[in-house]
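Student: sequence and predicted structure, then a few things I'm wondering about:
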Amino acid sequence: QVQLVESGGGLVQVGGSLRLSCVASGRTSSLDTMAWFRQAPGKEREFVARIKLSEETTLYADAVKGRFTISRDNAKNTLYLQMSSLKAEDTAIYSCAASSLSTSAFTTYESQRYNYWGQGTQVTVSS
(Lines give C-alpha, C1' and ligand atoms only; values in the text may rest on other atoms or scores of the structure.)
Protein backbone atom coordinates (compact mmCIF):
# COMPACT_ATOMS: atom_id res chain seq x y z
CA GLN A 1 0.00 0.00 0.00
CA VAL A 2 0.99 3.59 -0.65
CA GLN A 3 -0.29 6.69 1.09
CA LEU A 4 -0.27 10.14 -0.54
CA VAL A 5 -0.68 13.43 1.30
CA GLU A 6 -0.90 16.72 -0.58
CA SER A 7 -0.24 20.21 0.72
CA GLY A 8 0.39 23.70 -0.59
CA GLY A 9 -3.00 24.68 -1.88
CA GLY A 10 -4.54 28.05 -1.15
CA LEU A 11 -5.82 31.33 -2.50
CA VAL A 12 -3.72 33.20 -5.05
CA GLN A 13 -4.36 36.06 -7.44
CA VAL A 14 -4.41 35.74 -11.21
CA GLY A 15 -0.85 35.73 -12.50
CA GLY A 16 0.53 34.41 -9.24
CA SER A 17 2.38 31.22 -8.39
CA LEU A 18 1.89 28.30 -6.05
CA ARG A 19 3.73 25.06 -5.38
CA LEU A 20 1.91 21.89 -4.45
CA SER A 21 3.61 19.00 -2.66
CA CYS A 22 2.65 15.35 -2.34
CA VAL A 23 4.47 13.14 0.15
CA ALA A 24 4.36 9.43 -0.58
CA SER A 25 4.83 6.75 2.07
CA GLY A 26 4.55 2.98 2.24
CA ARG A 27 5.62 0.73 -0.66
CA THR A 28 6.89 3.58 -2.81
CA SER A 29 9.40 1.28 -4.53
CA SER A 30 6.46 -0.31 -6.35
CA LEU A 31 5.52 2.94 -8.10
CA ASP A 32 6.41 3.66 -11.72
CA THR A 33 4.46 6.86 -12.44
CA MET A 34 3.09 9.78 -10.43
CA ALA A 35 0.75 12.50 -11.59
CA TRP A 36 -1.43 15.45 -10.75
CA PHE A 37 -5.09 15.64 -11.65
CA ARG A 38 -7.61 18.37 -10.92
CA GLN A 39 -11.35 18.72 -10.65
CA ALA A 40 -13.17 22.04 -10.91
CA PRO A 41 -16.70 22.52 -9.56
CA GLY A 42 -19.25 20.91 -11.86
CA LYS A 43 -16.58 19.41 -14.10
CA GLU A 44 -14.99 16.03 -14.51
CA ARG A 45 -11.55 15.27 -13.15
CA GLU A 46 -8.85 16.10 -15.67
CA PHE A 47 -5.20 15.22 -16.16
CA VAL A 48 -2.66 17.95 -15.39
CA ALA A 49 0.81 16.40 -15.54
CA ARG A 50 2.72 13.19 -14.92
CA ILE A 51 6.26 12.01 -14.40
CA LYS A 52 7.66 8.54 -15.01
CA LEU A 53 9.87 7.89 -12.02
CA SER A 54 12.62 5.79 -13.57
CA GLU A 55 13.07 7.89 -16.72
CA GLU A 56 11.96 11.21 -15.20
CA THR A 57 10.09 11.98 -18.39
CA THR A 58 7.16 14.34 -18.10
CA LEU A 59 3.88 14.96 -19.87
CA TYR A 60 1.56 17.95 -19.53
CA ALA A 61 -1.99 18.80 -20.46
CA ASP A 62 -2.14 21.47 -23.14
CA ALA A 63 -3.97 23.80 -20.74
CA VAL A 64 -0.97 23.98 -18.38
CA LYS A 65 1.98 23.45 -20.71
CA GLY A 66 4.59 26.15 -20.26
CA ARG A 67 3.07 27.32 -16.96
CA PHE A 68 3.26 24.26 -14.69
CA THR A 69 6.24 22.05 -13.88
CA ILE A 70 6.05 18.60 -12.32
CA SER A 71 9.08 17.25 -10.47
CA ARG A 72 10.04 14.67 -7.91
CA ASP A 73 12.54 14.57 -5.05
CA ASN A 74 13.34 10.89 -4.62
CA ALA A 75 15.23 11.39 -1.36
CA LYS A 76 12.14 12.99 0.19
CA ASN A 77 9.59 10.77 -1.61
CA THR A 78 7.87 13.99 -2.60
CA LEU A 79 6.14 15.00 -5.82
CA TYR A 80 5.81 18.69 -6.66
CA LEU A 81 3.72 20.80 -8.98
CA GLN A 82 5.08 24.31 -9.51
CA MET A 83 2.29 26.46 -10.91
CA SER A 84 2.97 29.86 -12.43
CA SER A 85 0.98 32.45 -14.39
CA LEU A 86 -2.12 31.09 -12.74
CA LYS A 87 -5.50 31.76 -14.32
CA ALA A 88 -8.98 31.78 -12.85
CA GLU A 89 -9.73 28.59 -14.77
CA ASP A 90 -6.98 26.81 -12.84
CA THR A 91 -9.23 26.90 -9.77
CA ALA A 92 -9.88 23.30 -8.73
CA ILE A 93 -9.14 20.59 -6.23
CA TYR A 94 -5.73 19.18 -7.16
CA SER A 95 -5.05 15.54 -6.39
CA CYS A 96 -1.84 13.59 -6.42
CA ALA A 97 -1.96 10.12 -7.96
CA ALA A 98 0.49 7.23 -8.12
CA SER A 99 0.58 4.06 -10.15
CA SER A 100 2.13 0.68 -9.63
CA LEU A 101 0.24 -0.66 -12.66
CA SER A 102 3.06 -0.57 -15.20
CA THR A 103 1.27 -3.09 -17.43
CA SER A 104 -2.05 -1.23 -17.39
CA ALA A 105 -3.87 -0.78 -20.70
CA PHE A 106 -4.67 2.79 -19.71
CA THR A 107 -2.37 5.62 -20.68
CA THR A 108 -0.58 7.73 -18.09
CA TYR A 109 -2.99 10.62 -18.68
CA GLU A 110 -6.03 8.53 -17.82
CA SER A 111 -7.14 8.38 -14.19
CA GLN A 112 -7.79 4.63 -14.40
CA ARG A 113 -4.03 4.15 -14.74
CA TYR A 114 -3.55 5.19 -11.11
CA ASN A 115 -4.32 3.02 -8.12
CA TYR A 116 -3.34 5.39 -5.32
CA TRP A 117 -4.82 8.84 -4.68
CA GLY A 118 -4.36 11.61 -2.19
CA GLN A 119 -7.20 13.48 -0.54
CA GLY A 120 -6.74 16.60 -2.66
CA THR A 121 -5.86 20.22 -1.96
CA GLN A 122 -7.90 23.26 -2.99
CA VAL A 123 -6.39 25.86 -5.28
CA THR A 124 -8.39 29.04 -5.80
CA VAL A 125 -7.25 31.69 -8.26
CA SER A 126 -9.00 35.01 -7.83
CA SER A 127 -9.15 37.89 -10.28
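Tutor: Okay, I see it. All values reported here derive from a predicted model rather than from experimental measurement.
Student: from Val123, how far out is Arg79?
Tutor: For the record, residue 79 is Leu, not Arg. Going from Leu79 to Val123 by C-beta to C-beta, to the nearest Å gives 15 Å. The C-beta positions use only the backbone N, C-alpha and C, and glycine is treated the same way.
Student: those two: which has the busier surroundings?
Tutor: Using other C-beta atoms under 10 Å as the criterion, Leu79 and Val123 rank with Leu79 on top: 28 against 22.
Student: that one reaches Ala24, doesn't it?
Tutor: Yes. Counting by C-beta atoms under 8 Å, Ala24 is a contact partner of Leu79 at 6.9 Å.
Student: backbone dihedrals for Gln112, please?
Tutor: phi -70, psi -20 (degrees, to the nearest 10).
Student: if I look at it, how far off is Ser100?
Tutor: For Gln112, the distance to Ser100 - C-beta to C-beta - is 14 Å.
Student: quick revisit: which residues do Leu79 and Ala24 both contact?
Tutor: Met34 (C-beta atoms under 8 Å, 6 or more residues apart in numbering).
Student: in terms of neighbours, single out the busier of Gln112 and Ser100.
Tutor: Shown here are Gln112 and Ser100; by other C-beta under 10 Å, Ser100 has more neighbours (17 against 11).
Student: could you check how far the residue lying closest to that one once chain neighbours are set aside is from Ala24?
Tutor: The shortest distance from Ser100 to any non-neighbouring residue, by C-beta to C-beta, 6 or more residues apart in numbering, is to Ser30 (4.2 Å). The gap separating Ser30 from Ala24 is 11 Å, by C-beta to C-beta.
Student: run through who's touching stretch 9-17.
Tutor: 18, 20, 82-88, 94, 121-127.
Student: report the central residue of this protein.
Tutor: Trp36 (1.6 Å; C-alpha atoms, centre = their mean).
Student: list the ones among the contacts of stretch 9-17 that fall in strands.
Tutor: Counting by DSSP state E, those place 18, 20, 82-83, 94, 121-126 in strands.
Student: quick revisit: I'd guessed the residue nearest to Ser100 sits against Val2; true?
Tutor: Yes. Between Ser30 and Val2 there is a contact under C-beta under 8 Å: 7.1 Å.
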